[in-house]
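[1] Quick one, structure for this:
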Amino acid sequence: MIDPNKPNQTNEPDTGKSELSPNEARQSERGRGLIYVLGGGLVLALVVWAVMELFAPKGASPDVETVTEDAEQVAPATDQ
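    Numbering: from 1, shown residues only. Predicted coordinates:
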């Protein structure tokens, strides 16, 4: 029976290897690659936002009445 309190109990033969150190277990070298990618994405997002602020059409003024296609054409009132 396998004791759950003892780690690494399997039916495989013991190869004599010890556990890996954190440096040996790391899949890549330590570096700043992830920081560069995240920073570049943030800069790109800010550039796109700035371009949209400059070139996107502004909202309509609340003083201006808009005409829709469903609006009825009403003749102007005449003084009699």
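
[2] continuing past the lowest-mean-pLDDT helix or strand in the chain, what's the next helix or strand?
    When the helices and strands of the chain are scored by mean pLDDT, DSSP states H and E, helix 22-25 comes last with a mean of 79. Using DSSP states H and E, the helix or strand that follows helix 22-25 towards the C-terminus is helix 33-55.

[3] now that next one: mean pLDDT?
    The average pLDDT for helix 33-55 rounds to 94.

[4] distance of S21 from I35?
    Distance, S21 to I35, using Cβ to Cβ, to the nearest Å: 24 Å. To be clear about C-beta, it is placed using only N, CA and C from the backbone, and glycine gets the same treatment.

[5] again with G59
    38 Å.

[6] So between those two, which is more surrounded?
    For G59 and I35, the more surrounded residue by other Cβ atoms under 10 Å is I35, and the numbers stand at 9 against 6.

[7] how much space between the more buried one and G41?
    Using Cβ to Cβ, I35 is found at 11 Å from G41.

[8] got it, and S28?
    With distances taken as Cβ to Cβ, S28 is found 19 Å from G41.

[9] For the two, indicate the residue with more neighbours.
    Between S28 and G41, G41 has the larger neighbour count (other Cβ under 10 Å), namely 10 against 7.
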